[in-house]
Structure formats: structure tokens, C-alpha cells
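S.K.: With the input below, show me the fold.
(chains A and B)
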2 protein chains.
Amino acid sequence: MDGIPPIALDAMGGDNAPGEIVAGAVLAVREHGVPVVLVGAPRTIAEALAEHDAVGEIPIVRAEEALTMDEGALASLRRPRSSIALACHLVRRGDASAVVSAGSTAGVVATGKLRLRAQQGVLRPAIAVPLPTRPHPTVLLDAGATADVKPEILVQFAHLGVAYAETALSLTSPRVGLLTIGGEAGKGNKLTKRAHELLTAVPGMNFTGNVEGHDLLNGAVDVIVTDGFTGNVALKTMEGAVRYAFAELRETLEGGRLSRLAAGLQRGRLRELRRRLDPEAYGGAVLLGLNGTVVIAHGSSTAKGVAAACALAATLAHQGTVSHVGERIAATHRSHRLW
Amino acid sequence: MDGIPPIALDAMGGDNAPGEIVAGAVLAVREHGVPVVLVGAPRTIAEALAEHDAVGEIPIVRAEEALTMDEGALASLRRPRSSIALACHLVRRGDASAVVSAGSTAGVVATGKLRLRAQQGVLRPAIAVPLPTRPHPTVLLDAGATADVKPEILVQFAHLGVAYAETALSLTSPRVGLLTIGGEAGKGNKLTKRAHELLTAVPGMNFTGNVEGHDLLNGAVDVIVTDGFTGNVALKTMEGAVRYAFAELRETLEGGRLSRLAAGLQRGRLRELRRRLDPEAYGGAVLLGLNGTVVIAHGSSTAKGVAAACALAATLAHQGTVSHVGERIAATHRSHRLW
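M.R.: Okay, here's the model as predicted:
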């Protein structure tokens, strides 16, 4: 990643901060070649860097305060000097190309909205999450930035998702589906029925219609649009169900003597599969619609997950995802068909 | 199941009707000892019964019409003589103790509402689904009967779910959770924030607070309350994720030569696990809040699933779930705290 300003990494956000965050920064710099600046309490960060013989290798920007994991939107107002607020500030000034934080989603979203502001024409930001489908990920949005939405906002989420899929996944004319109940046009709740009508009328949108919960992982579409409440419930349900299936499986495989032997033979392959389904591997969620790239890593991220999130942030910054989103939103306004 | 009128089984509803439905009826009668009456086209049913040497063993009630799988609420109005409508009629007259159908959920819900009517004081019916948690199932409701609800209706769903858990699962003071995003009281969308306040104020309700998507399968609570839109998305997401995990797993296990050998050793145990997670095994969803027991089997049910649904319906009828729901709703009205 030559020539881009560094990634501003919130050293204080996350269940395992600052230890795993700093370790992730070292990994990002050394393994992924991604430039990083750590934002947080200088002494604590320096101590953690020392453990990796990395003092002086990664710059530190001082932040006096931090949001805790159970603090949400209000705290971000009260703490203008938090590590996440200062990371946003670096992006705003052009001194960093993107923000990465494993802090509380509510805190990161609120701070991002406040410090980076929504892009012109964007009604609400949305969190895009890549689901582990093949051959390429399916983008689910909104995964939790905006809980209560109007049908017009769902249409805009579709634009954000398309812009993201076009840049981050290099897809041409990505297929867009609306998450609802029942496959036909007339099915769903009031919100999705109206959004379906609106989406059908968007010129140039490859809207393929309704999708249901079981379509999240079958690659039926490239972008799945939903409100932040439903999207967050669906995402956590999916993660919980996969974890449950693996736990049940482990118990099953370890049940008998022959089975134990068999499980031993397969351990490597199972580990590989778990890794592919691991939310840490795919780097994290992306907050779309702001004047700057913001990647939200899983709260429980270890160094590996933090490094992957930094790499994702660098890729998005490099590809100009933010300006592509801006162009797309501007185009929908110009077309005088305001969704 | 001595002394209860037979289960009215909709022979024409479901992807595999009438073949698997009739086969399921035979299984229910012979293996589960559950009396059944088949409702539908007499000649077709008799032909299917003949394949099992069961002509005359199971009574038939003639229905001239049937709802197709892609027909929904409106069709049920237009077809007063459909098999599902007549099955409801038998329950209403006291000639059957419960309805079982594998027909389209929308069609069964609409017909049930129209023919059996909501119980006194019930604002909206809800579909309760048992999730495969241990040591006993967790009840998720509403899984799709009512897509748009008010907070007061979510409170009533909690009452329906508690009544169901108390009778069908024999639980005392079941723990109730509200499905939302974020664990704390102030988290969620407008609907769930208000519902949380209302649920906290219900006397005698064992309301333990918010639950999230990953709590569906971890047994954290006994009853999970949500609107029919979110519940349906969550349920289908869960089913899809479990199916996906198993498909990925199969591919992984069959990858190498040693692995193939290992997979062979474990086939029996894996099959057993799949069976436990199979929606067919737990009999189906229950439509609560009507003047009669209605069990909705999976649309793709085979004979085994149909028989399990008949057994569940007989158990619910035997235990008086409908009257227990009625008492509970009446009590909430009497307490002058209308949820």
C-alpha cells in the first residue's frame, strides 16, 4: 500500500485492548505492509510495542480518553478527545486514510457520524458486513448502524451496498436483494413492501427482488439490503447458529473411540473450515456513508483480526470507496428520482 | 392419546401432498397411536391409503378445494370449502381436537384466523416454534403470523409463549427474553425499547431482559419474544446457517483419503446430529391465540414430519394449551394492567 497515509488504529477500543490491538498493528505493518498510526494512551501503547521490539516502528498519537465497551452514542458526545474521536480527526485532516476500531459498535458509529459527518446526500450511514459465501462474499447491510428506517433509506442502503460491492469486491452490476419474509413482491412488513416498490423503480439497479433468511449464505445475491435492527439480529443469529453447529459437531465427533480417532484425522481440515467461517478472518464491518473510511473490527478481535481490519481499511482507502459512494449518491440526486 | 377426538389432518397442504401427508397419517395412527381424520379429495386420499393397506383404517372428510402452496391470505377467503378450512370447521364443531397442515403458512394463518377466530382478548395470533436447545427447547414467537406489531402486542406474545411453555414443555415460571440488538434496556429499535418497558412492568412475568441473535440456540431463556417479521428472518437465517455449516463440513470431511475414511467412521453419529437439528423432528410450529389448536408442519415435510406434527397436536390438545392460553389472557385483563 504505497503512497497512502497510514491507518489510524484506535488502540483503546475492544475487549482485548490495548494488547491485541497493538499486536495487530505490528502484524499489519510487518506482514501486510500496511502503514499504521496508533491512537491512545502513549505510555500504555509504548509498553505494548516494547513486547514486540516495535518501539519507534509505529507512530503514536496521544488521546487522553477512551470509550469503554459498554458506552454508546452519548459517551461519544461527552468525550471529544477519545481515541476514536481523534482517529476520526486524523482522517478528517488528511493525516490518516482510514479509521479502524474494535470498540463498541454504537460508540464507533456515533463518533464517526459526529466527527466525519455523513456524505452529502446520505440520509443515514449503514454498516456493511461481508458474509462468507463463495466464490465471493455477499454484502449484508445495514448490520446495526440505523435501527429505525423509512423505505427511502433502505433504497439508499442499496446504493451504498452497490458502491461497496463495485469497489471492494470488484463486481459489475451486483445483484441486490431485499431481506424480507416470503419470496413474492407482496410479502413482508409495511417497510419492506414499500421498499420493494421503490427499489423496482430505481433505474440501473440490478434489483432481483426479495430474499429470505436462508439466502444469507447461499450466494443468491451480491448485496442484501435490510434495516439495522433486522440485519443485526440476522447476523448474530447466523454467527450463533454456525457456532452451535460446530459445538454440537465437536461433541458428536468426540463421542466414541473410533470417532475420536477419526476426529484426529480431520482436525486440520476442521480448523481450516472454522478459520474460513471466522468473522475475524474477513476483517470486519465497514461503516458506509461518512466522509472517511471506518472499519469496525469484532469487539473480541485478536491481533490477527485487527491486522485483517487494517488491511481491509487500506484496500478500501486505496480504491476510493468513499468517493465512489459519493458519486453514486450524487447521481441518484441528479437523476431527480430521489428514490 | 385416549379419549380425544381425532386430529384433522389437511391432506392437500404441503410440497409433498397428498402422498407424504397420507403416509404421515398412517405413521401417526400406527406408531404414535394418535387418531387422525384426513381432510381432502376422497379418491386421491383413498388411493394413497391403499399403498399402505390402510383403506378404512383412517376416516376421510371430503373437501372439494385446496389452497396451493403459493396462495396466501386472500385465497382463504375465496375458498370456504378448502381442506384447511374444513379441518378448522371440524375443530370448531368439536369433531376434531386439533388441525395439522403442511400448507403455506400465510394460507393456514389466514384460514385459522377466519374459521377459528382469535380467543377472547387476543389481539393477534402468533406462531411459536421450538428451537433445538438443550435440555429442553426454547420457544421462539412470533415466527411469522403477524409482521407489523405494536409494543402491546409483543407483551401479549410473551403471555402466549409463557402459556405454551408451561403446558407443552411443563416449565414453571419460564424465563422470557425480548429479541433485540444490544443487551441493555435502552438498546434496540423504537418497538423493542417500548416493549422492554412494558414487559418489565408485567406482574408475575419472569422477564429477564433483552436477548440477541446469538442467544437463540444457547438456552439463555425459555421464551424469546419478537415480531413476526424479525422472528421469521431469524428462524430462516438459523436454519440456513446450520444447513450451510453442515454442507461446508461435508465437503471438508470428504476432502482427503484419510478424511474419507474418518468420515465413514462418523457417518452414523453425524446422521444422528442432523436428525436432532432437523426441523421435521420437532413436529412443527404452533399457531397460538385461536379457539383451537393449529400445528403448521414444514412445507417440505415427509411422512415422519407429518406424524411428529400430529403427535405434537395431540399432546397440545390433551394438555389443554388453548384453554390455558385463554385463562392467562383473561387474567391479564382482570388485573386491569392491560399489558
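
S.K.: pretty sure A:Val162 belongs to a helix, no?
M.R.: Yes. In this structure, A:Val162 lies within a helix as judged by DSSP: H, G, I helix; E, B strand; the rest coil.

S.K.: just checking, it touches A:Val223?
M.R.: Yes. Using CB atoms under 8 Å, A:Val162 is in contact with A:Val223, at 6.0 Å. C-beta here means a position set from N, CA and C on the backbone, and glycine is covered the same way.

S.K.: Those two: who's more crowded?
M.R.: A:Val223 (30 against 27; other CB atoms under 10 Å in any protein chain shown).

S.K.: any idea how far the more buried one lies from A:Thr105?
M.R.: Distance, A:Val223 to A:Thr105, using CB to CB, to the nearest Å: 20 Å.

S.K.: Tell me where the model's unsure across chain A.
M.R.: A:1-2, A:72, A:252-283, A:335-339 (pLDDT under 70).

S.K.: domains in it, as residue ranges please.
M.R.: A:1-122+A:289-320, A:242-270 (automatic domain parsing).

S.K.: show me what contacts the closest residue to A:Glu64 other than its chain neighbours?
M.R.: Take A:Glu64 and drop its neighbours on the chain: the residue closest to it by CB to CB, 6 or more residues apart in numbering or on different chains is A:Arg81, 5.0 Å away. By CB atoms under 8 Å, 6 or more residues apart in numbering or on different chains, the contact list for A:Arg81 reads A:63-65.

S.K.: Same question for A:Glu197.
M.R.: Taking CB under 8 Å, 6+ apart as the test, what A:Glu197 contacts is A:Pro151.

S.K.: So it versus A:Gly209, what's the distance?
M.R.: 12 Å.

S.K.: hang on, the earlier thing: and the domains of chain A, which is most packed in?
M.R.: domain A:1-122+A:289-320 (a mean of 22; mean count of other CB atoms under 10 Å in any protein chain shown).

S.K.: is the most centrally placed residue in chain A in a bridge, and if so with what?
M.R.: With distances taken as CA atoms, centre = their mean, the residue of chain A nearest its centroid is A:Ala285 (0.7 Å). Beta bridges link A:Ala285 to A:Ile296, judged by DSSP bridges.

S.K.: B:Gly228 is nearest to which of the domains of chain A?
M.R.: B:Gly228 lies closest to domain A:242-270 among the domains of chain A, at 23.2 Å (CB to CB).

S.K.: which parts of the stretch 51-200 of chain A sit against chain B?
M.R.: Within the stretch 51-200 of chain A, the positions adjacent to chain B are A:70, A:72, A:106, A:144, A:147-148, A:179-182, A:184, A:187-190, A:192 by CB under 8 Å from any CB of the partner chain.

S.K.: Go ahead and measure how far stretch A:221-230 is from the middle of the chain.
M.R.: Centre-to-centre, stretch A:221-230 and its host chain are 13 Å apart (CA atoms, centre = their mean, to the nearest Å).

S.K.: Okay, helices next: where are they in the stretch 101-250 of chain A?
M.R.: A:105-116, A:151-168, A:190-200, A:228-253 (DSSP state H, counting those that start in this stretch).

S.K.: Return the set of buried residues in the second one.
M.R.: Think helix A:151-168. A:151, A:153-168 (16 or more other CB atoms under 10 Å in any protein chain shown).

S.K.: all strands of chain A, in order?
M.R.: A:7-10, A:36-40, A:60-62, A:98-101, A:126-131, A:138-141, A:176-179, A:207-211, A:223-225, A:285-288, A:293-296 (DSSP state E).

S.K.: residues in contact with the last one?
M.R.: Counting by CB under 8 Å, 6+ apart, the neighbours of strand A:293-296 from elsewhere in the structure are A:88, A:91, A:97-103, A:105, A:108-109, A:112, A:116, A:127, A:283-287, A:309-310, A:312-313, A:316-317, A:321-322.

S.K.: Let's see that with 7 Å instead.
M.R.: A:97-101, A:105, A:108, A:112, A:127, A:283-287, A:309, A:312-313, A:316-317, A:321-322 (CB atoms under 7 Å, 6 or more residues apart in numbering or on different chains).

S.K.: and if you look at the first one?
M.R.: With contact meaning CB under 7 Å, 6+ apart, strand A:7-10 is reached by A:21, A:25, A:34-40, A:83-84, A:87, A:90-91, A:96-101, A:103, A:310, A:313-314.

S.K.: Give me the sheet partners of that strand and which way each runs.
M.R.: Strand pairing for strand A:7-10, determined by DSSP bridges: strand A:36-40 (parallel), strand A:98-101 (parallel).

S.K.: how about the nearest residue to A:Ala54 once chain neighbours are set aside, what does it touch?
M.R.: In this structure, A:Ala54 finds its nearest non-sequential neighbour in A:Val26, 5.0 Å apart by CB to CB, 6+ apart. Contact partners of A:Val26, counting by CB under 7 Å, 6+ apart, are A:52, A:54, A:58.

S.K.: Quickly name whichever of the residues you listed is closest to A:Thr332.
M.R.: A:Ile58 (40.2 Å).

S.K.: my guess is the closest one contacts A:Ala25, does it?
M.R.: Yes. Using CB atoms under 7 Å, A:Ile58 is in contact with A:Ala25, at 5.4 Å.

S.K.: So for these two, which residues contact both of them?
M.R.: A:36, A:38.

S.K.: Can you tell me how far the residue lying closest to A:Lys150 once chain neighbours are set aside is from A:Phe157?
M.R.: Nearest non-adjacent residue to A:Lys150, counting by CB to CB, 6+ apart: A:Leu191, 7.7 Å away. Distance, A:Leu191 to A:Phe157, by CB to CB: 12 Å.

S.K.: before we move on, what about A:Gln119?
M.R.: From A:Gln119 across to A:Phe157, the span is 14 Å (CB to CB).

S.K.: Equivalent analysis for A:Arg92, please.
M.R.: Distance from A:Arg92 to A:Phe157, by CB to CB: 24 Å.

S.K.: cool, A:Thr167 as well?
M.R.: 16 Å.

S.K.: Also A:Arg30?
M.R.: Look at A:Arg30 and A:Phe157: by CB to CB, they are 37 Å apart.

S.K.: now A:Gly213
M.R.: Relative to A:Phe157, and taking CB to CB, A:Gly213 is found at 18 Å.

S.K.: what's the answer for A:Leu77, then?
M.R.: Taking CB to CB, one finds A:Leu77 at 25 Å from A:Phe157.

S.K.: looking at the strands of chain A, which is closest to B:Glu47?
M.R.: strand A:207-211 (37.1 Å).

S.K.: can you count the residues close to the residue nearest to A:Lys150?
M.R.: Neighbours around A:Leu191, by other CB under 10 Å: 22.

S.K.: That one contacts A:Ile153, correct?
M.R.: No. Here A:Leu191 lies out of contact with A:Ile153, judged by CB under 7 Å, at a distance of 9.5 Å.

S.K.: And for A:Pro135, nearest residue in space, chain neighbours not counted?
M.R.: Nearest to A:Pro135 is A:Gly219, by CB to CB, 6+ apart, at 7.8 Å.

S.K.: do the same with A:Gly183
M.R.: In space, A:Gly183 is closest to A:Asn210, 5.4 Å off (CB to CB, 6+ apart).

S.K.: Tell me what the one you found is bridged to.
M.R.: Counting by DSSP bridges, the residues bridging with A:Asn210 are A:Leu178.

S.K.: got the contact list for it?
M.R.: Contacts of A:Asn210 by CB under 7 Å, 6+ apart are A:177-178, A:180, A:182-184, A:187-188, A:196.

S.K.: and with 8 Å instead?
M.R.: Contacts for A:Asn210 (CB under 8 Å, 6+ apart) come out as A:177-180, A:182-185, A:187-188, A:192, A:196.

S.K.: ok, these vs B:Ala297, which is closest?
M.R.: A:Gly182 (17.9 Å).

S.K.: For that closest one, give me phi and psi.
M.R.: Per-residue torsions, A:Gly182: phi 90, psi 140 (degrees, to the nearest 10).
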